[in-house]
Structure formats: C-alpha cells, structure tokens
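In: How does the following fold in three dimensions:
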Amino acid sequence: MEVYDSVVIGAGQAGLSASYHLQRRDVRHVVLDADAAPGGAWQHRWDSLSMADVHGVAALPDSARPEPDGGERANVAVPAYFATYEREHHLPVVRPVRVDRVDDTDEGLLVVRAGERTWTTRTVVNATGTWSQPFVPHYPGASGFAGPQWHTADYPGAEAFRGLRTVVVGGGASAVQLLGEVALVTDTVWVTRRPPVWRTDDFTPEVGRAVVALVEERVRQGLPPASVVSVTGLALREQERAAEAVGAYVRRPMFSSVEPDGVRWPDSFEPAQAILWATGFRPAVGHLAPLHLRSPLGGIRLEGTTAVADPRVQLVGYGPSASTIGANRAGRVAARGVVAALASDAGTLDADALGA
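Out: Just a heads-up that it's a prediction; the model follows:
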C-alpha cells in the first residue's frame with residue numbers, strides 16, 4: 001500500500017502555496033483538485049469581474065506578482081497564473097478528483113476517498129475553500145417564486161436581469177458589486193439582515209492585521225468563521241457610483257416571505273420578477289465529517305492552521321486565511337504543521353525542517 005506523507009485537497013491559492021512549501025521540505029505529497037483545469041474558484045467567477053475589481057492577486061511563493069491589464073477578466077487571468085505556477089514548480093496536482101470523505105484507520109493513517117479511488121496518507125492539508133458551498137437562506141414561499149433566482153455562484157451577468165425588477169439579497173462586498181451592475185439595467189430593491197456599515201477610512205495594513213486577528217480569535221475558540229466584511233465594513237468603488245446615484249444602495253430590512261410575484265414584509269409588499277441571492281458561502285468541509293473536527297460551538301477549532309481535534313489535519317483557506325494574502329502565509333504554516341505531525345508520529349522532532 002502506497003502511503004503519502006501528506007495529501008492536499010484543493011488547488012486554489014492556499015493549496016498551491018501549501019504544496020510549494022511541502023515540496024520545499026521534501027514532504028512526499030499529492031494535490032487532489034476537483035476541477036478539470038487549474039484556477040481554483042477563480043475560473044468560476046462571473047465574467048464582469050475584472051482584475052481592477054479584485055485589486056490584483058497576491059503572488060504565490062517564489063513567484064512574481066501577476067500584473068495583468070486591469071480590464072482583463074479575473075476568471076481568465078488568475079487561472080492562467082495558477083496554471084503557469086503549477087507547471088514551473090512541478091507541483092504534483094491530480095485532477096479532476098472530487099474528494100467524498102476522509103476516514104481514519106486503526107493504524108493511525110488517513111484514507112482520502114474519491115469514488116472508487118483512495119489515497120492513504122499520514123496527514124491532510126484541506127484547501128477546499130468555500131465556492132462549492134453557496135449559502136441560500138430559507139424563506140417561506142421561496143420555492144414558489146415565479147421568476148428566476150440566482151446565487152452569486154451562478155451570476156449570469158447584468159443583461160440577464162434587464163427588464164426584470166430584481167431583489168438583491170445580501171450585505172457583503174459581492175452584493176454591493178453586483179447591485180452596482182444590475183441597478184444600471186433594471187429597477188432593484190436591496191435587502192439585508194442588518195444595516196450596512198460603510199467604511200470611511202482607508203483599508204491600511206494596520207486595519208488588515210486587526211481584521212485577521214479578530215477572525216483568528218473566532219477559529220481559535222472553535223466558532224464558525226465570520227465574514228471579513230462583518231469586520232471591515234463596506235466601501236463603494238468608483239464603478240458603483242452610478243448605481244448609488246439612482247438610489248440602489250438604499251437598504252430595506254429582510255422580508256418575511258416570498259410570493260410568486262414579489263416579497264412581503266409584515267406591513268408592505270414589493271413586486272419582483274427576479275431574486276439575486278448574494279448571501280455568501282460556507283466552508284466546504286463536509287468530507288472531513290468522519291474525523292469529528294467540529295467543536296461544540298459549530299466551527300473547527302484551529303491553532304494556526306492545525307485542527308486542535310486532530311493535529312494530522314491542517315486547514316488553509318479557512319477563516320483568517322480565506323484571502324489571497326492570507327492563503328500564502330497559511331500554506332507555509334500548514335507545511336510546518338505537517339512536518340511537526342510527521343515528526344511526532346516518528347517520535348522525533350526535526351528542528352531544521354520546522355524552521356525552514
């Protein structure tokens with residue numbers, strides 16, 4: 001039976017960073033990616049998302065930061081960068097492989113399963129992100145709505161909404177951006193659970209570190225990760241000023257139910273022909289359920305990137321590392337965690353490897 005030192009699940013930015021650092025430490029591993037092509041979740045993002053919208057992408061380890069034209073589509077530029085990185089660094093990516101579950105064994109090994117295929121390993125680095133787990137809250141009557149309903153994950157572009165009075169649901173950055181597009185082609189109603197908090201100061205490195213610290217504290221306690229926007233607040237970019245001018249960002253509280261031709265509050269009704277659920281995503285960690293990593297508080301408790309309930313498991317792209325900058329750092333930390341787990345399993349501690 002072939003036994004790997006580590007299996008990385010996911011080949012987005014966090015997974016590629018982890019693979020690079022594992023390879024640098026001579027840790028025998030494989031990267032399993034659910035997609036048929038490189039690019040992680042970036043290849044699935046909507047066509048109107050440009051590199052100017054995402055303010056670029058942090059460079060992967062030992063790589064120059066990509067500098068594509070600001071108008072280039074992010075779902076083209078970033079996957080091309082990832083593909084080049086995989087090739088130049090000879091990363092051991094196998095695709096397409098969609099992992100179903102990870103099981104423990106009596107011998108202390110982990111078995112990663114994807115259909116009939118299995119990989120046996122001493123450790124796992126989970127880098128599955130959130131894109132495959134779009135979240136749509138339940139509201140009475142939603143299944144009976146007569147018009148189209150889309151989530152951010154399958155946003156078809158603003159033209160699909162032309163002439164359809166649209167309810168945009170969600171208080172995050174994606175809701176603000178998509179509302180900025182849809183409101184220019186049709187009437188919109190914006191609804192959120194809480195009043196939006198608009199950021200008026202600059203997002204400085206100090207602010208960024210404070211945000212990361214708050215999210216880290218949540219996962220350290222075993223709470224589900226909070227959204228970054230819940231900490232940073234929202235900001236309008238220049239490309240959203242036109243939507244602001246037509247009143248798109250006048251928020252209404254959440255409706256109580258959905259009817260075939262609109263949405264209803266206890267004291268009012270708004271007609272609508274489409275609903276856009278910009279309601280976020282949840283961590284894609286269902287395949288780890290057999291390992292019982294969740295705390296009683298509902299999240300996976302981490303120290304750094306190491307699962308407290310099972311130090312053989314590292315989580316990257318989860319909580320504070322769910323960003324292009326955080327993902328790079330998390331990949332390095334996870335590789336050190338893998339080396340520590342392997343050393344502990346062997347009954348020795350390789351100080352040189354841990355310090356690399």
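In: need the strands for the stretch 151-300 of the chain, in chain order.
Out: 166-169, 188-192, 251-253, 257-259, 262-265, 268-271, 274-277 (DSSP state E, counting those that start in this stretch).
In: Between the ones you listed, which one is closest to Phe82.
Out: Checking the strands of the stretch 151-300 of the chain against Phe82 by Cβ to Cβ gives strand 274-277 as the closest, at 27.7 Å. Just so you know, the C-beta spots here come from the backbone N, C-alpha and C atoms, and that holds for glycine as well.
In: any weak-confidence spans in the protein?
Out: 55-56, 200-218, 225-233, 320-325, 347-356 (pLDDT under 70).
In: before we move on, back to that, which one of the strands of the stretch 151-300 of the chain lies nearest to His44?
Out: From those, taking Cβ to Cβ, the stretch that ends up closest is strand 274-277, at 16.1 Å.
In: Show me what the closest one packs onto, helices and strands only.
Out: strand 149-151, strand 166-169 (3 or more Cβ pairs under 8 Å, 6 or more residues apart in numbering; DSSP states H and E).
In: which outside residues touch it?
Out: 134, 136-137, 142, 145, 147-152, 155, 161, 164-170, 178, 182, 258, 263 (Cβ atoms under 8 Å, 6 or more residues apart in numbering).
In: which among those end up buried?
Out: Among the contacts of strand 274-277, those classed as buried by 16 or more other Cβ atoms under 10 Å are 136, 142, 145, 149-152, 155, 161, 164-170, 178, 182, 258, 263.
In: picking that back up, pipe the strands of the stretch 151-300 of the chain into CSV and attach distance to Ala80 per row.
Out: As requested, those are exported to CSV (distance: least, Cβ to Cβ, whole Å):
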stretch, distance to Ala80
strand 166-169, 31
strand 188-192, 33
strand 251-253, 37
strand 257-259, 40
strand 262-265, 41
strand 268-271, 42
strand 274-277, 28
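In: Now do the helices in the stretch 201-350 of the chain.
Out: 205-221, 229-232, 241-245, 324-346 (DSSP state H, counting those that start in this stretch).
In: just to revisit the earlier point, closest to Arg282 out of the helices and strands packed on strand 274-277?
Out: strand 149-151 (12.1 Å).
In: Against which helices or strands is the closest one packed?
Out: strand 274-277.
In: For Val57, what is the enclosing helix or strand?
Out: Under the criterion DSSP states H and E, no helix or strand holds Val57.
In: ok, it - contacts?
Out: Neighbour list for Val57: Gln13, Met51, Arg65, Pro66, Val78, Tyr81, Thr324 [criterion: Cβ under 8 Å, 6+ apart].
In: which ones are touching the nearest residue to the first one once chain neighbours are set aside?
Out: The reference is to Gln13. Nearest-residue entry for Gln13: Ala327, 4.2 Å, with adjacent residues in sequence omitted and distances by Cβ to Cβ, 6 or more residues apart in numbering. Contact analysis of Ala327 by Cβ under 8 Å, 6+ apart lists Gly12, Gln13, Ala14, Ser17, Ala58, Val316, Gly317, Ser321.
In: tell me the secondary structure for Asp103?
Out: strand (DSSP: H, G, I helix; E, B strand; the rest coil).
In: Just the buried subset of the contacts of Ala327, please.
Out: Gly12, Gln13, Ala14, Ser17, Ala58, Val316, Gly317, Ser321.
In: out of these, what pair is the most spread apart?
Out: Among the buried ones among the contacts of Ala327, Ala58 and Val316 lie farthest apart (Cβ to Cβ), at 13.9 Å.
In: And the residue sitting furthest away from the middle of the chain, its phi and psi?
Out: Ranking residues of the chain by C-alpha distance from their mean position (Cα atoms, centre = their mean) puts Asp267 at the top, at 36.8 Å. Phi and psi for Asp267, reported as degrees, to the nearest 10, are phi -120, psi 10.
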